[in-house]
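>>> just coords:
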């Protein structure tokens, strides 16, 4: 037994040599590495291959009686030699549930089994159970496979596809000129290569990684380490990651027809394909987007790209302008006007959709009624009114839920309690730099947090000190955000001088909206009540993410010295030597 354990430890050390840097568009490299480990046909997909599942179960049943004694002895020896991975590092927040896990030796004995329980199908055995099929799940899969390649990893996802990323579905996929490829969720990645949103195809996963697709976990027992599926099947695991992501929010006061496929939210691959097919259908004359946040505004802009084919787009925004809960008022107003005047989107601000009904004139169209009494005749309605974390199984397991930010509470290592972790949208984590608890719903954070959770599940105890960033595009402008962005916070904007015009020949940098200001390039700093920088928004400067993160580290108290503010993140193309030296000195 000791020899087996030493061999496993050696393999884990060797496995850590591999790189752990995620790169956008790297699915092919990962697929090749997974294929080399498990063979092209080495995966077992429980949703499509019943033979593999039945073979496993029959095999377990046939050898169960013969190896019970040996397995019990091995398990006892194995667990006696394990290190306690409970994350209680000095100065770090403790696990979400402060009460220690019950002692297995003091647990009451199981009640007598009835005949049905005796005939119950044996549980599926797994070293690592991952619940979810998004970026956080894939980050964990990759890290666990790198550090513990022989372990059995079981992935349970409610979706029919293997783990994939959602970000390109509202951005990059719409820019692809090949509509057939775009409908199949291809896009051009940062290396200018054709890529797909799916991280790795099913047949790229080795035999040690099993996918149970179109399945859902409905119950989690953290003490006995058993998960139950909606089908009644049970899974016995050693360690578990909850990466269940988020679900769309449906406005409480919006009435719509039941079972109307032309009225839907936007979250999954199915949602994207339904909207894309509707947009390219010549019979579709008009599409309405309900919601004025990041997603709703991106979708409205993406749909407007098809205006040449005659498609009209309306966006219903409850607030005074698009993204007004994040951007300062002047920038929200600027983007709103640009979407109207440049992209031709019918943006209705400060109004809500009350109902969606079917037209009664026999046209088979839809009527959207607004709270101001006006109506919009449309052919498809997409609701993008925000998301909420899927904390159902965590809440049922009595894990602590963050009632302010949403999500299940984790510590620096994304651990909920002993051997149970959470990552991605569903996790409320402690921001190491800002000293606050946060929850993020963006791709960069999902990949990074899932990767770290997976690493820690294999025995490491590494804290999350990374400051995630996210990007987006409105019309022909691009933004990058780091930290906490909230329009209720004080903001200070630094903007490059715009092109002089007849109306404003002496235009200078100004953080107030001007009709002639193009806001070509700039930085907006978000300050808390102690005037510390807690967030940075970069406008048309996607290559300055590290400078934005640096601003969160350096500025302890924001100064009113305008010249010093300008030098924190230089707006020009190449930072001058003097500014670079002063930034280094400040650090």
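Structure received. It should be emphasised that the depicted structure is a prediction, and the values quoted were computed from it without experimental measurement.

>>> for the rest of this, base every contact and every neighbour count on C-alpha atoms.
OK.

>>> I'd like to know how many residues surround residue 328.
24 (other C-alpha atoms under 10 Å).

>>> which residue sits closest to it, ignoring its sequence neighbours?
Setting aside the residues directly before and after it, residue 328 is nearest to residue 487 in space (C-alpha to C-alpha, 6 or more residues apart in numbering), at 5.2 Å.

>>> just checking, the one you found touches residue 323?
No. Residue 487 lies out of contact with residue 323 (C-alpha atoms under 8 Å); the separation is 9.1 Å.

>>> the two: who's more crowded?
Ranked by neighbour count (other C-alpha under 10 Å), residue 487 and residue 323 place residue 323 first, with 24 against 16.

>>> the residue found closest to the more buried one once you drop the neighbours it is linked to in the chain: neighbour count?
With sequence-adjacent residues excluded and distances taken as C-alpha to C-alpha, 6+ apart, residue 323 is closest to residue 293, at 4.7 Å. The local packing of residue 293 (other C-alpha under 10 Å) involves 20 other residues.

>>> thought residue 293 was touching residue 383?
No. Residue 293 is beyond contact range of residue 383, at 11.0 Å (criterion: C-alpha under 8 Å).

>>> could you pull out the helices in the stretch 101-250 of the chain for me?
Secondary structure of the stretch 101-250 of the chain, counting by DSSP state H, counting those that start in this stretch: helices at 115-118, 135-147, 172-175, 179-183.

>>> do the same with the stretch 251-400 of the chain
In the stretch 251-400 of the chain, the helices defined using DSSP H, counting those that start in this stretch lie at 269-280, 294-304, 329-341, 392-396.

>>> any regions of the stretch 1-150 of the chain where pLDDT drops low?
Low-confidence segments of the stretch 1-150 of the chain, defined by pLDDT under 70: 1-119.

>>> show me what contacts residue 447?
With contact set as C-alpha atoms under 8 Å, 6 or more residues apart in numbering, residue 447 has these partners: 22, 135-139, 424.

>>> ramachandran angles for the residue nearest to residue 323?
Main-chain torsions, residue 293, degrees, to the nearest 10: phi -90, psi -160.

>>> and the gap between it and residue 141?
Separation of residue 293 from residue 141 (C-alpha to C-alpha, to the nearest Å) stands at 31 Å.

>>> who is residue 368 paired with across the strands?
residue 356, residue 376 (DSSP bridges).

>>> burial check on it, number of neighbours?
Close neighbours of residue 368, defined as other C-alpha under 10 Å, add up to 24.

>>> measure it to residue 436 for me?
Taking C-alpha to C-alpha, one finds residue 368 at 41 Å from residue 436.

>>> residue 146 too?
In terms of C-alpha to C-alpha, residue 146 sits 31 Å off from residue 436.

>>> the two: who's more crowded?
Neighbour tally, residue 146 and residue 436, criterion other C-alpha under 10 Å: the higher count belongs to residue 146, 23 against 9.

>>> distance of the more buried one relative to residue 488?
Distance, residue 146 to residue 488, using C-alpha to C-alpha: 43 Å.

>>> for residue 332, which residues are in contact?
Here residue 332 is in contact with 321-324 (C-alpha under 8 Å, 6+ apart).

>>> out of those, who's the most crowded?
residue 322 (31 neighbours).

>>> confidence score at it?
The per-residue pLDDT reported for residue 322 equals 98.

>>> list phi and psi for the spatially closest residue to it that is not a sequence neighbour.
Leaving aside its sequence neighbours, residue 322 sits nearest to residue 292 (C-alpha to C-alpha, 6+ apart; 4.8 Å). Reported as degrees, to the nearest 10, the phi and psi values for residue 292 are phi -120, psi 20.

>>> how many neighbours does residue 292 have?
28.

>>> surely it and residue 318 touch.
Yes. Contact criterion C-alpha under 8 Å: residue 292 and residue 318 qualify, at 7.0 Å.

>>> quick one: low-confidence ranges for the stretch 401-550 of the chain?
498-518.

>>> what sits against residue 184?
Residue 184 neighbours (C-alpha under 8 Å, 6+ apart): residue 273.

>>> ugh, wrong one, I meant residue 464
Residue 464 is in contact with 412-414, 431-432, 449, 452, counting by C-alpha under 8 Å, 6+ apart.

>>> could you do residue 298 as well?
170-171, 472-474.

>>> next one, pLDDT for it please.
97.

>>> roughly how far does it sit from residue 549?
Counting by C-alpha to C-alpha - residue 298 and residue 549 are separated by 25 Å.

>>> now do residue 275
Using C-alpha to C-alpha, we find residue 275 at a distance of 36 Å from residue 549.

>>> got any ranges where the stretch 151-300 of the chain has weak pLDDT?
In the stretch 151-300 of the chain (pLDDT under 70), no residue qualifies.

>>> and residue 148, backbone torsions?
phi -140, psi 70.

>>> touching, it and residue 456? I think so.
No. Counting by C-alpha under 8 Å, residue 148 stays clear of residue 456, with 11.4 Å between them.

>>> looking at the contacts of residue 447, which is nearest residue 303?
Relative to residue 303, the closest of the contacts of residue 447 is residue 135; by C-alpha to C-alpha it sits at 25.1 Å.

>>> does residue 407 touch residue 395 like I think?
No. Using C-alpha under 8 Å, residue 407 makes no contact with residue 395, being 9.5 Å away.

>>> looking at these two, which one has more neighbours?
Comparing residue 407 with residue 395 by other C-alpha under 10 Å, the one with more neighbours is residue 407, at 30 against 15.

>>> mind listing what that one touches?
Residues in contact with residue 407 (C-alpha under 8 Å, 6+ apart) are 389-391, 401, 425-428, 439.

>>> re earlier: what about the contacts of residue 464, which are in strands?
The strands, defined by DSSP state E, take in residue 431 from the contacts of residue 464.

>>> save the contacts of residue 464 as JSON lines, and put in neighbour count and distance to residue 329 too.
As requested, the contacts of residue 464 are exported to JSON lines (neighbours: other C-alpha atoms under 10 Å; distance: C-alpha to C-alpha, whole Å):
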{"residue": "412", "neighbour count": "24", "distance to residue 329": "35"}
{"residue": "413", "neighbour count": "32", "distance to residue 329": "37"}
{"residue": "414", "neighbour count": "33", "distance to residue 329": "35"}
{"residue": "431", "neighbour count": "18", "distance to residue 329": "27"}
{"residue": "432", "neighbour count": "15", "distance to residue 329": "29"}
{"residue": "449", "neighbour count": "29", "distance to residue 329": "32"}
{"residue": "452", "neighbour count": "26", "distance to residue 329": "37"}
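
>>> would you agree residue 127 is in contact with residue 238?
Yes. Using C-alpha under 8 Å, residue 127 makes contact with residue 238 at a distance of 5.0 Å.

>>> and the closest residue to residue 409 other than its chain neighbours, backbone torsions?
Nearest non-adjacent residue to residue 409, counting by C-alpha to C-alpha, 6+ apart: residue 428, 4.8 Å away. Torsion angles at residue 428 (phi, psi; degrees, to the nearest 10) stand at phi -100, psi 110.

>>> what about residue 428, distance to residue 144?
For residue 428, the distance to residue 144 equals 22 Å [C-alpha to C-alpha].

>>> partners of the closest residue to residue 396 other than its chain neighbours in the sheet?
Excluding the flanking residues, the one nearest residue 396 by C-alpha to C-alpha, 6+ apart is residue 219, at 7.3 Å. For residue 219, the beta-bridge partners are residue 228 (DSSP bridges).
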